[in-house]
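Student: structural data only, the sequence is not supplied:
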């Protein structure tokens, strides 16, 4: 079975410091990778996606992620966080199966930005 | 504005009652999904539908039912057979490559 693992359940970081949220995925011939953000009591919002091409992907709110095939990782980074980045972040992989792509989600990482 | 709507935002029911959660999308997406979210467990797939009048069970379909009579609508019924129905329910839709767009969610509380 395909799997996506987020290595940290909680990450505290001071405001204006850099942050990295780690994600590893199970290898497959064809996989597409996503990061989503969820604010309390809201739905998930797509931050960025890797479908093909450049391994460095830029998303909204100043976030970026790097697709690393050899290490099967797709870590999310931001050089300087703001209080408003406090949220839960989900990494997800889309694997082909039965003619469609299903998303497999990691269990989430709660980012807490400390003033 | 295109998007996904879920209603209501909060729903309260007594144990033993069936309840239906609404999900509507105007993105013209073929595929729609229902997820359940519990603290610390991420998202778990309940049902999905790739086309009108067809749907498949996800990982935790027991105690739930769905219908897909229109492309825009994918309602979820939480039946009295669902042992722990209190949760946050998310609906999503997609057009390609698994890229899914989510609604705002419905928080169901059963007492």
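Tutor: Perfect, I can see it now. Everything numeric in this text was worked out from a predicted model, so none of it was measured.
Student: residue in chain B nearest to chain A?
Tutor: residue B:98 (2.5 Å; C-beta to the nearest C-beta). The C-beta positions use only the backbone N, C-alpha and C, and glycine is treated the same way.
Student: partner residues bridging the residue nearest the centre of chain B?
Tutor: Against the mean C-alpha coordinate of chain B, by C-alpha atoms, centre = their mean, the closest residue is residue B:34 at 3.1 Å. Per DSSP bridges, the residues bridged to residue B:34 are residue B:47, residue B:91.
Student: I'd say it and residue B:78 touch.
Tutor: No. With contact defined as C-beta atoms under 8 Å, residue B:34 and residue B:78 do not form a contacting pair (10.1 Å).
Student: hey, what's in contact with both of those two?
Tutor: Common contacts of residue B:34 and residue B:78 (C-beta atoms under 8 Å, 6 or more residues apart in numbering or on different chains): B:21, B:64, B:89.
Student: gap between the residue nearest to the centre of chain B and residue A:111?
Tutor: According to C-beta to C-beta, to the nearest Å, residue B:34 and residue A:111 sit 26 Å apart.
Student: do residue B:73 as well
Tutor: For residue B:73 relative to residue A:111 (C-beta to C-beta), the value is 34 Å.
Student: more crowded one of these two?
Tutor: residue A:111 (21 against 14; other C-beta atoms under 10 Å in any protein chain shown).
Student: check contacts around the more buried one.
Tutor: If you count contacts by C-beta under 8 Å, 6+ apart, then residue A:111 has A:11, A:13, A:19, A:21, A:81, A:85, A:86, A:87, A:88, A:89 around it.
Student: of those residues, which belong to strands?
Tutor: Of these, the ones assigned to strands by DSSP state E are A:11, A:13, A:19, A:21, A:87, A:88, A:89.
Student: to which secondary structure element is residue A:35 assigned?
Tutor: Assigned by DSSP states H and E, residue A:35 belongs to strand A:31-38.
Student: tell me what that strand is packed against?
Tutor: strand A:23-25, strand A:44-50, strand A:64-68, strand A:73-78, strand A:87-97 (3 or more C-beta pairs under 8 Å, 6 or more residues apart in numbering or on different chains; DSSP states H and E).
Student: thinking again about what came up before, tell me the one of the contacts of residue A:111 nearest residue B:44?
Tutor: Nearest to residue B:44 among the contacts of residue A:111 is residue A:88, at 15.3 Å by C-beta to C-beta.
Student: in JSON lines, list the contacts of residue A:111 along with pLDDT.
Tutor: Listed next are the contacts of residue A:111 as JSON lines, based on pLDDT from 0 to 100:
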{"residue": "A:11", "pLDDT": "98"}
{"residue": "A:13", "pLDDT": "98"}
{"residue": "A:19", "pLDDT": "98"}
{"residue": "A:21", "pLDDT": "98"}
{"residue": "A:81", "pLDDT": "98"}
{"residue": "A:85", "pLDDT": "97"}
{"residue": "A:86", "pLDDT": "97"}
{"residue": "A:87", "pLDDT": "97"}
{"residue": "A:88", "pLDDT": "97"}
{"residue": "A:89", "pLDDT": "97"}
